[in-house]
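Engineer: Predicted model and sequence below, questions to follow.
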Amino acid sequence: MAREGEQVAGETLADLLGGWRSAVETAVPLLAFAAGWLAGGHSIPWGAGVAVLAGAAVAGWRLAERRRPVGTVLSLLVVCAGALVALRTGRAEDFFGVRVLTNAVSALAWAASILVRWPLLGVVVGTVLGQKTRWRADPDLLRAYQRASWVWVLQYLVRLAVFIPLYLAGAVLWLAAAQTVLTWPLVAACLAVSWWVLRRSLPPEHPGIRHPRTG
């Protein structure tokens, strides 16, 4: 039977990531760009315009439900940035290139956080549980978060391994499909594996992630 703290924290993180709604919200502007691009006869202005309108509609829906305004604004900014870059370069694949870049930055950030002993999984979970930085005073918990955070680094590397060849090939429709598919399903798998690693890394006598041992 899983420790109570682990189960509750896992559910809270899933809520934080948005579940299936997050996948839908991420996919809508991507598919909108591809649809507009095709409908306009491979027109980047059409694709960019439809994508921004779709992103704005999603943002309005999220704000109306009072769900994570900061994340909503950031998501819309990524869509707008992709549209502007594609319009500037005249290359439709550059709309998706922004997401390639954000995944590369995320992989580096997660890896760096592990190396400096501030694993981002611990930062996120500690924030969700209201622990601030107390988890870092527990050597076992710190080590477990470091090991589990490598799973998240791997997630971003998997995406990059798929996205980069498609981007270099200018495969617009395949990029839209790949970036749509590799959202929540991959995050859900990453969440499950990272929790398994986290549990396996804690010694049997540890009280669980809700109870860092600081003494």
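Structural biologist: Cool, the structure landed. Residues are numbered from 1 along each chain as shown.
Engineer: neighbours around residue 204, how many?
Structural biologist: Neighbourhood size, residue 204 [other CB atoms under 10 Å]: 4. No exception for glycine: its C-beta is placed from N, CA and C like everyone else's.
Engineer: Same check on the one 5 residues further on?
Structural biologist: Number of residues near residue 209 (other CB under 10 Å) recorded here: 27.
Engineer: That one is in contact with residue 198, isn't it?
Structural biologist: Yes: between residue 209 and residue 198 there is a contact under CB atoms under 8 Å: 7.3 Å.
Engineer: what's in contact with whichever helix or strand residue 177 is part of?
Structural biologist: Taking DSSP states H and E as the criterion, residue 177 maps to helix 172-181. Helix 172-181 is contacted from outside by 26-27, 30-31, 33-34, 37-38, 92-93, 96, 99, 162-163, 166-167, using CB atoms under 8 Å, 6 or more residues apart in numbering.
Engineer: Run the chain-centre distance for it.
Structural biologist: 16 Å (CA atoms, centre = their mean, to the nearest Å).
Engineer: Need phi/psi at residue 130.
Structural biologist: Dihedral pair for residue 130: phi 70, psi 30, per degrees, to the nearest 10.
Engineer: mind checking pLDDT for it?
Structural biologist: We note a pLDDT of 85 for residue 130 in this prediction.
Engineer: If you drop the residues flanking it in sequence, what lies closest to residue 40?
Structural biologist: residue 46 (2.9 Å; CB to CB, 6 or more residues apart in numbering).
Engineer: Give me the neighbour count for that neighbour.
Structural biologist: Neighbours of residue 46 (other CB under 10 Å): 17.
Engineer: Tell me what angle the one helix or strand it maps to forms with helix 172-181.
Structural biologist: According to DSSP H and E, residue 46 maps onto helix 44-64. Counting by axes from the mean of the first three to the mean of the last three CA atoms, to 10 degrees, helix 44-64 lies at 10 degrees to helix 172-181.
Engineer: For the helix or strand immediately after helix 44-64 in the chain, enumerate the helices and strands it packs against.
Structural biologist: Next along the chain after helix 44-64, taking DSSP H and E as the criterion, comes helix 69-89. Packed against helix 69-89 by the contact rule (3 or more CB pairs under 8 Å, 6 or more residues apart in numbering; DSSP states H and E) you find helix 19-39, helix 44-64, helix 94-115.
Engineer: hmm, who's touching the second one?
Structural biologist: Under the criterion CB under 8 Å, 6+ apart, residues 25, 28-37, 39-40, 68-69, 72-73, 75-76, 79-80, 82-84, 86-87, 90-92, 95 lie in contact with helix 44-64.
Engineer: at 6 Å instead, please
Structural biologist: 25, 28-29, 32-33, 36-37, 40, 72, 76, 79-80, 83, 86-87, 92 (CB atoms under 6 Å, 6 or more residues apart in numbering).
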